[in-house]
Every structure is written in structure tokens, then in C-alpha cells.
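Peer 1: show me how the following folds:
(one chain, ligands or ions: 1)
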Amino acid sequence: MSPAHPATADNLARSLAPNDLDAWWLPFTANRNFKKNPRMIAGAEGMHYITPEGKKILDGVAGLWCCNAGHGRKPIVEAIQKQAAELDYSPAFQFGHPKAFQLASRIAALAPGDLDHVFFANSGSEAVDTALKIALAYWNIKGEGQRTRLIGRERGYHGVGFGGISVGGIVNNRKFFGSLLAGVDHLPHTYNREHQAFSKGEPEWGAHLADDLERIVTLHDASTIAAVIVEPMAGSTGVLPPPKGYLKRLREICDKYGILLIFDEVISGFGRLGYAFAAERYGVQPDMITFAKAVNSGTVPMGGVIARKGIYDAFMKGPDHVIELFHGYTYSGHPLAAAAGLATLDLYRDENLFEKTRAREDKWADAIMSLKGLPNVLDIRTLGLVAAIDLASIPDGFGKRAFAAMDKGFHDHNLMIRITGETLAVTPPLIITDNEIDELVSKLAAIIKSVA
Ligand SMILES: Cc1ncc(COP(=O)(O)O)c(C=O)c1O
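Peer 2: Next comes the predicted model:
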């Protein structure tokens, strides 16, 4: 931590009274457990988080798959500060500001083919619901309003909006919330340990699972299906890289029946898999891409949808004083988020972070695979700068071992990891050095042994 860093123990001891822990109901968190022994973060710099006591925690997850450029990067910080002083907020309904237009152009330029138009939201969840609404409205406008069915995938995560949880395939995110969107179906997930265990990169087995879309088409008829949405690499249910050829096959079937294909790239976008988008890595062009998180390295909430020219053009009809799409958010294209985005994309480009990630994918995979053979390790998957380690459950509680690993990782080993079920997920900032990869892997080994 640099001497000037504001996250000093003194400042923080003064700012947090014991009762302050009560009021905040944390999202996707075991609140009672957390409040007994909080994993508290007060600052961040480069590859590290800093606790109120001044302890440096290696960031093994880029925050939450967000901070691909690392933390506290000066050009991004300065861009946000300057923007706040220059233009704090401007409405995006019927008005605009230059930086949101510039950022949209930069994002469109990074996206493959004619994915040319960007609609801004403020999160991945909003991005997903926006894409689903664009798909439904598109078919209405094209005179095929009967195409209302949306197809997601088991074990998919598409955020927490009602659209996202409907197409998503995570039971706990669905079962508590009553009726979801009607007319949704799901493809099977693509993970099979028997055929795929300890695969580096895309597994050889599983492309045929895309053919299940044919079954769904036979069941419902293509004329009722608006869109298919998948994460190119399912992240939140434990990192499931797409089997070789799977995404191409999905595209082919969508093309055969005129179904829109949406890639949810909220975590795979902006370098995580060594490319601006997974669509580029796999040479598959979807009709829409959703993004968020790393678009501005997680600094200011922002998400969005990139749509193909033909989709945008379909809406641009009728009297030109009439709104073409009745959808949007107060903070769409927020000036601070846009300024941060421009500075972040400059940084990704100037530091070649996507290319560097691509170049070191093998080293990363080998380093992580060295954990094979440690106690309770059932499978390891790697892709880009992503890794997942499945642990065997403790008999009296699914998820307990991974939870202990995450907790001990933070308190005892100074490493932040993410967990889902019994899976440890690791997705560090793209600025990680080779030495830091070694450090991260040795910390992981110690953590896995400590929960044996
Ligand atoms: C693929 C995917 N889609 C959507 C989301 C939701 O993003 P947010 O939490 O910003 O709403 C996430 C979050 O992790 C995600 O991984």
C-alpha cells in the first residue's frame, strides 16, 4: 500500500462502529456468518485488496470478474474525478453527452462483424433483460409477434431480473420467486465429469448437446421462438467452458430456424478469455452481446447490449419524433461510467492486456492443474484467465468445504477467491504477473489442504 493510500487503519477504525454491521443486508451472502467475522475490505491497489488493519489480500477474482485492469489504476481514477467535476450527470432520455457516444463507438469497434449498436444499462442483469426485451420487440416489429419463447440453459446465470432468472438455470435463483416469465425453455448444460474431467480449455466432448435445440424446436415450433441466450462460458455455476464446436453448432441451428442468438458476455467480455469478446475467440457471431463488469474495470456501474445492425435498423422506422424502443434507465450511459470506460479501454489497449492473457493461457492452465491430486480435488477446469476447482463435499453439508476455503483464504492466507456450491473459482485481474500466478497457486494449495 502506498503511504498516501486513504485506507489506513486509523481512518477506518474511526469510521465503523460495531452496530454499523446490522443495517446492510448483503447480497448473495451468508449474512449472519459474515457479521460474526466480517471479511472487510477498505482499500485496493493493483493486484491487492487492503483490509482495515492494512493486510494485503491477493485479489484472485478481479473483485467479481470486474477489475480486469487491476485496482486503483491512475488513468481510470483521474478520468472519473475529472468527469465528476466536468459533467456529473446528464439525462439519456432525449439528450446525450459525448463520452457515451464515444464509448459506444469504441465498444462496437471491438465487437465482431456488424454488432454495431450499443444500448447502455447499469448492470449485467439489466443488460440481459434489455437484450431479451429487444429480441421480443424485434419480432413484433418484424410482424412475427408470435415469436415470444425464450430459450436459456440449465446452469446458466443471467443476473437477477425476472427475465434473467427465467432464462437462467440455477434452481436457488428461481424457486423462491413464484411464477417466472412464461414460455421459457432450457437447453441442457454442457458439463459431464465422466467425459471432461481435468480438461484444459474447451473439452472435446459435448458439442452434440447443442442439438437439443432441435428437440425444443420440434416441441414448440421455430415460429414461436424469439431467442436463445447462453453464456459462451458458463461462469457462475462453476466455470463450464463450452465443448469444442458447441457454440458454432448452436449458431447453425439458430440460423436454420431464424432464431436470434444472444451471448451473455458479462464475464467473458473485455479480455477474460484473451479476446475482447468470446464471440471473437470462437469465431461465432451472435445477434446480441450483453456486457457489464470489466467494461470499465468495475469502477462505476455499467452494462449494456451490443446489437447487430439489422436489429437496430428494424427499429428505426415510423415518424422520427416517436421513440423507437420504450425502454431505458435513468443512469443509461452515465457520464462517470462512460469516462471510466474510455480510460479502461485505453488501458487494455496500451498494455495489450487481452493479447497477454491469450499468450499466457497455457502457463496459467499448467499452474492451476498442478493442484490435481490434492485432497478432495475432483475436477479442475481452465479457460483464458479463469479456473475452477471442484472439491468433494463434507458429508454433513453441501458447500461447507468450499465456504470454509473462501473464509480461510481471506482470513488466514490473504487470498480472495469466489465460491459456488463446492467449486472454487479463480479469475484474477489481467495484470497478474507470472510470480503472482505462482503465489496464487501456492496459496490455493495451502487453502485446499487446510480444509481437507
Ligand atoms: C453471465 C452473467 N450475466 C449477468 C450477470 C449479472 O450481472 P450483475 O450482477 O451486474 O447484474 C452476471 C453476474 O455475474 C453474469 O455472470
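
Peer 1: switch to C-alpha atoms for all contacts and neighbour counts from now on
Peer 2: Will do.

Peer 1: Gly152 in helix, strand or coil?
Peer 2: Under DSSP: H, G, I helix; E, B strand; the rest coil, the three-state class of Gly152 is strand.

Peer 1: list the contacts for it?
Peer 2: Neighbour list for Gly152: 167-169, 184-187, 228-230 [criterion: C-alpha atoms under 8 Å, 6 or more residues apart in numbering].

Peer 1: and these, which is closest to the ligand?
Peer 2: Proximity to the ligand was ranked across those by C-alpha to the nearest ligand atom; first place goes to Val230, at 8.2 Å.

Peer 1: excluding covalently adjacent residues, which one is nearest to that closest one?
Peer 2: When the adjacent residues along the chain are set aside, Val230 lies closest to Phe263, with 5.4 Å between them (C-alpha to C-alpha, 6 or more residues apart in numbering).

Peer 1: equivalent analysis for Ala278, please.
Peer 2: Ser268 (6.0 Å).

Peer 1: show me the helices in the stretch 251-400 of the chain, by range?
Peer 2: 278-282, 309-315, 335-350, 353-359, 361-369, 400-413 (DSSP state H, counting those that start in this stretch).

Peer 1: what lies in contact with the shortest one?
Peer 2: Taking C-alpha under 8 Å, 6+ apart as the criterion, the residues outside helix 278-282 that touch it are 111-112, 232, 247-248, 263, 265, 268-269, 273-275, 285-286.

Peer 1: with the second one instead?
Peer 2: Contacts of helix 309-315 with the rest of the structure, by C-alpha under 8 Å, 6+ apart, involve 114-117, 138, 141-142, 287, 324-325.

Peer 1: just give me the neighbour total for Tyr241.
Peer 2: Check again: residue 241 is Pro, not Tyr. With neighbours defined by other C-alpha atoms under 10 Å, the count for Pro241 comes to 24.

Peer 1: oops, could you answer that again for Lys35 instead?
Peer 2: Using other C-alpha under 10 Å, Lys35 has 14 other residues around it.

Peer 1: same question for the one 5 residues further on.
Peer 2: A count of neighbours around Met40, defined by other C-alpha under 10 Å, yields 15.

Peer 1: Val118 too?
Peer 2: Quick note: Val118 (other C-alpha under 10 Å) scores 26 neighbours.

Peer 1: now Asn172
Peer 2: By the other C-alpha under 10 Å criterion, the neighbourhood of Asn172 contains 9 residues.

Peer 1: distance-wise, check it relative to Gly373.
Peer 2: Using C-alpha to C-alpha, to the nearest Å, one gets 31 Å for the distance from Asn172 to Gly373.

Peer 1: cool, and Asn140?
Peer 2: In this view, Asn140 and Gly373 are 54 Å apart by C-alpha to C-alpha.

Peer 1: can you list contacts of stretch 99-116?
Peer 2: In contact with stretch 99-116 (C-alpha under 8 Å, 6+ apart) are residues 117-118, 276-277, 279-280, 285, 287-288, 306-309, 333-335, 338-339, 341-342.

Peer 1: likewise stretch 203-222?
Peer 2: Residues outside stretch 203-222 that contact it (C-alpha under 8 Å, 6+ apart): 185, 187-191, 195-196, 225, 241-247, 249-250, 253, 257-259.

Peer 1: in helices only, show me those.
Peer 2: For the contacts of stretch 203-222, the ones inside helices are 195-196, 246-247, 249-250, 253, 257, with DSSP state H as the criterion.

Peer 1: which ones are touching the spatially most central residue of the chain?
Peer 2: By C-alpha atoms, centre = their mean, the chain has its centre lying nearest to Ile267, at 2.3 Å. Ile267 sits next to 65-66, 235, 291-294 when contact means C-alpha under 8 Å, 6+ apart.

Peer 1: and the gap between it and Arg349?
Peer 2: If you measure Ile267 against Arg349 using C-alpha to C-alpha, the figure is 18 Å.

Peer 1: now Thr290. Nearest residue, chain neighbours left out?
Peer 2: Nearest-residue entry for Thr290: Val305, 4.4 Å, with adjacent residues in sequence omitted and distances by C-alpha to C-alpha, 6+ apart.

Peer 1: isn't that neighbour right up against Phe291?
Peer 2: Yes: taking C-alpha atoms under 8 Å as the definition, Val305 is a contact partner of Phe291 at 6.3 Å.

Peer 1: now do the shared contacts for the two.
Peer 2: Contact criterion C-alpha under 8 Å, 6+ apart; residues shared by Val305 and Phe291: Ala127.

Peer 1: would you pull up the residue in the stretch 201-350 of the chain closest to the ligand?
Peer 2: At 4.7 Å from the ligand, Val266 is the closest residue in the stretch 201-350 of the chain, using C-alpha to the nearest ligand atom.
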